[in-house]
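*Asks:* quick one: sequence plus predicted model below, questions after.
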Amino acid sequence: MYHEIDLKQIDINQEPPVEEPERQYYFMAKCREHVEALERKLGRRPCFFTQTFGCQMNARDSEKLTGILEQIGYQAADSEEADFVIYNTCTVRENANNKVWGRLGYLNTYKKQHPHMKIALCGCMMQEPEVIEKLKKSYRFVDLIFGTHNIYKFAELIALSFAQDRMVTDIWESTDQIVEDLPIERKYRFKSGVNIMFGCNNFCSYCIVPYVRGRERSRKPEDIVREVEALAADGVVEVMLLGQNVNSYGKNLETPVSFAELLERITQIEGIQRIRFMTSHPKDLSDELIDVMARCDKICRHLHLPLQSGSSRILKEMNRRYDKEQYLALVKNIRQAVPNIALTTDIIVGFPGETEEDFDETMDVVKQVGYDSAFTFIYSKRTGTPAAELKQQVPEEVVKDRFDRLLKEVQQGAAKRAQALTGRVEEVLVEEVNQQEEALVTGRLSNNFIVHFPGTNELIGKIVAVRLKECKGFYFYGEMA
Ligand code: SAH
Ligand code: SF4
Ligand code: F3S
């Protein structure tokens, strides 16, 4: 685990070390010298801004970027009008990319007035060759571009960018390396994401993630346990274990370990009171995992189980490797073993060739399962994926109509599930002072529902008992019991 390292002890006049993470600490020391010089020039401390798009894994990666920027002497700013701006991008749907292109225009205008400013781009979108081509051609004001496989080299790349005035690009096609022990700056002091694996081997036919995140690599269980122990010692009470498909964790390790075994080891770490994980692929969800969830109270009563479609025919086209009946049987098993569990899901509407009958199957699963919440997406064609080659794209207005019907069903079902909890007293982890009403704090139940109740910021990070007084559909108003 990362310990405070005194960068001043590092001799930056020597050659850089070859080993990681020592090499990155050397470059952090080098960058710090540069940032100190900038501080003297500006007459104030230089500041940085990170903008994260996409999933929890990207959010965790951004905490790594922040950790390094703080180590080298920048301080956090709350807007893009900063001395160093980095966008950690997502490319899972077209609208994720569009957001980045839109904001780059604004950054360009700002940089023209502040020429010392550095603009960096990283993350999944940068793994796409067409994106890099477009940046090189029309976005020359971007200083630094790197991808998902070499994020650990951030300090070295900043040093390179400081040393030259041209655009620096470093994109790797893949990697089998996992570099441990780099600085991380957490967004919350009481909860943290923890990567347990990187990449994805599933190649769902619509999905770009395996192409931009590479093949599955699991961290060693002892490294994960060490990280969680250090987090607990630092005041963290809730961890979220992260991977594109946590249920296949550990299969490729030298000494294979199952996800259920890893979870059980983490439940034994003192100080950790809640454990969440994301995401579970239905095809790999084992009885062993259901058993561990049933036995260990520290594991939150919530399972995110992406359905994608309720039609067995579409699921086959999607290469999901389960069918409607298998999914429903799995839900039944889980509910039997963990009766109070909340189930949430992801659903795609308008996959190529989706008929009204296929869509009805999806609606049927939604009704049968009764999700506590669901993310619904309109299918987005991703170049390079097999589904992008399929001819029968569904007309936009048909998709829109199905999407609206689905959303309504999901919301009605979720409100009903929430309503049933009204009046109960539940344990709540207090996360923040309510953004609209200062007299309230906002906390999260084990099952991931949100409750607002009267309280002060002293409660943040504590687990307290709250009576759920009034249900507002997605969230509750409550009072401390
Ligand atoms: N690994 C996770 C999902 C990661 S992407 C899993 O398998 O469940 C998050 C969600 O984005 C997916 O579950 C899917 O519903 C959605 N998604 C992925 N590719 C998409 C595409 N091309 N169009 C629309 N939604 C997509
Ligand atoms: Fe994409 Fe499927 Fe991998 Fe999830 S499991 S990241 S949907 S390919
Ligand atoms: Fe997006 Fe990459 Fe996550 S494409 S959803 S940020 S893995």
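*Replies:* Thanks, I have the structure now. Source: prediction; values computed, not measured. Ligands and ions are numbered 1, 2, ... in the order given.

*Asks:* shaky segments in the chain?
*Replies:* Confidence mapping of the chain against pLDDT under 70 gives the ranges 1-4.

*Asks:* buried residues, the helix of greatest length in it. List them.
*Replies:* Longest among the helix segments of the chain by residue count, using DSSP state H, is helix 396-419. Within helix 396-419, the residues scored as buried using 16 or more other C-beta atoms under 10 Å are 399, 402-403, 406, 409-410, 413-414, 417-418. Yep, even glycine has a C-beta here, placed from its N, CA and C like the rest.

*Asks:* pretty sure A120 is touching G147, no?
*Replies:* No. Shown here, A120 and G147 do not form a contact pair, counting by C-beta atoms under 8 Å, at 11.9 Å.

*Asks:* between the two, which contacts overlap?
*Replies:* When C-beta atoms under 8 Å, 6 or more residues apart in numbering defines a contact, no residue borders A120 and G147 alike.

*Asks:* number of nearby residues for M240?
*Replies:* Other residues near M240 number 17, with proximity taken as other C-beta atoms under 10 Å.

*Asks:* tell me who's in contact with G199.
*Replies:* Residues in contact with G199 (C-beta under 8 Å, 6+ apart) are 210, 213-217, 244.

*Asks:* of the residues you listed, which is the nearest to ligand 2?
*Replies:* The shortest separation between ligand 2 and any of the contacts of G199 is 4.1 Å, and it belongs to Q244 (by C-beta to the nearest ligand atom).

*Asks:* is it true that that closest one lies in a helix?
*Replies:* No. The secondary structure assignment for Q244 gives coil rather than a helix, going by DSSP: H, G, I helix; E, B strand; the rest coil.

*Asks:* what about the strands in the stretch 151-300 of the chain?
*Replies:* Assigned by DSSP state E, counting those that start in this stretch, the strands in the stretch 151-300 of the chain fall at 168-170, 191-195, 197-198, 217-218, 238-242, 274-278.

*Asks:* what sits up against the fifth one?
*Replies:* Residues from elsewhere that reach strand 238-242 (C-beta under 8 Å, 6+ apart): 56-57, 60, 190-196, 224, 228, 231, 262-263, 266, 272-278, 429.

*Asks:* one more: the third one?
*Replies:* By C-beta under 8 Å, 6+ apart, the residues outside strand 197-198 that reach it are 57, 178, 213-214, 216-219, 243-246, 248-249.

*Asks:* these also near ligand 1: which ones?
*Replies:* 244-245 (C-beta under 6 Å from any ligand atom).

*Asks:* spell out which parts of the stretch 1-150 of the chain neighbour ligand 1.
*Replies:* Contacts of the stretch 1-150 of the chain with ligand 1, taken as C-beta under 6 Å from any ligand atom, map to 92-93.

*Asks:* in the stretch 1-150 of the chain, which spans are strands?
*Replies:* 47-52, 75-76, 84-89, 118-123, 144-146.

*Asks:* quick one: the fourth one to chain centroid distance?
*Replies:* The chain centroid and the centroid of strand 118-123 are separated by 18 Å under C-alpha atoms, centre = their mean, to the nearest Å.

*Asks:* residues of stretch 357-366 that come out buried?
*Replies:* The neighbour-count criterion (16+ other C-beta under 10 Å) identifies 358-359, 361-363, 365-366 as the buried residues of stretch 357-366.

*Asks:* what about that stretch, near ligand 1?
*Replies:* No. Judged by C-beta under 6 Å from any ligand atom, stretch 357-366 and ligand 1 are separated, with a smallest distance of 11.9 Å.

*Asks:* other residues contacting that stretch?
*Replies:* The set of residues external to stretch 357-366 that reach it, using C-beta under 8 Å, 6+ apart, is 307, 309-314, 324, 327-328, 347, 349, 374, 402, 405-406, 409-410, 413.

*Asks:* tell me the bridge partners for the nearest residue to N195 once chain neighbours are set aside.
*Replies:* The spatially closest residue to N195, leaving aside those adjacent along the chain, is L242, at 5.1 Å (C-beta to C-beta, 6 or more residues apart in numbering). With DSSP bridges as the criterion, the beta-bridge partners of L242 are N195, M278.

*Asks:* and L242, how many neighbours?
*Replies:* 22.

*Asks:* find the closest residue to ligand 3 in this structure.
*Replies:* Of the chain, the residue with the smallest distance to ligand 3, taken as C-beta to the nearest ligand atom, is G54 at 2.6 Å.

*Asks:* quick one: that residue and R93 touch, right?
*Replies:* No. Here G54 does not reach R93: they are 9.6 Å apart, not a contact under C-beta under 8 Å.

*Asks:* nearest to V425 among the buried residues of helix 396-419?
*Replies:* Within the set of the buried residues of helix 396-419, A418 lies nearest V425; the separation is 15.5 Å, counting by C-beta to C-beta.

*Asks:* which element is the nearest residue to E130 once chain neighbours are set aside on?
*Replies:* Residue nearest to E130 in three dimensions, not counting chain neighbours: T383, with 7.3 Å by C-beta to C-beta, 6+ apart. T383 is part of no helix or strand, with elements assigned from DSSP states H and E.

*Asks:* got the phi and psi for T383?
*Replies:* As for T383, its main-chain torsions (degrees, to the nearest 10) stand at phi -60, psi 130.

*Asks:* ok, how many other residues are close to G250?
*Replies:* Taking other C-beta under 10 Å as the neighbour definition, G250 ends up with a count of 21.

*Asks:* on that earlier part again, I'd like the buried residues of stretch 357-366 as TSV, with distance to A37 and secondary structure appended.
*Replies:* Shown next, in TSV, are the buried residues of stretch 357-366 (distance: C-beta to C-beta, whole Å; DSSP: H, G, I helix; E, B strand; the rest coil):
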residue	distance to A37	secondary structure
D358	61	helix
F359	60	helix
E361	63	helix
T362	58	helix
M363	62	helix
V365	60	helix
V366	58	helix
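
*Asks:* output the contacting helices and strands for the longest helix of the chain.
*Replies:* Under the contact definition 3 or more C-beta pairs under 8 Å, 6 or more residues apart in numbering; DSSP states H and E, helix 396-419 sits against strand 342-349, helix 356-369, strand 373-378, strand 463-471.

*Asks:* center of this structure, which residue is that?
*Replies:* In the chain, the residue lying closest to the centroid (C-alpha atoms, centre = their mean) is Q56, at 1.0 Å.

*Asks:* test my guess that that residue contacts M278.
*Replies:* Yes. With contact taken as C-beta under 8 Å, Q56 and M278 are classed as touching, separated by 5.7 Å.

*Asks:* so who does T267 touch?
*Replies:* Counting by C-beta under 8 Å, 6+ apart, the residues that T267 touches are 275, 296, 298-299.
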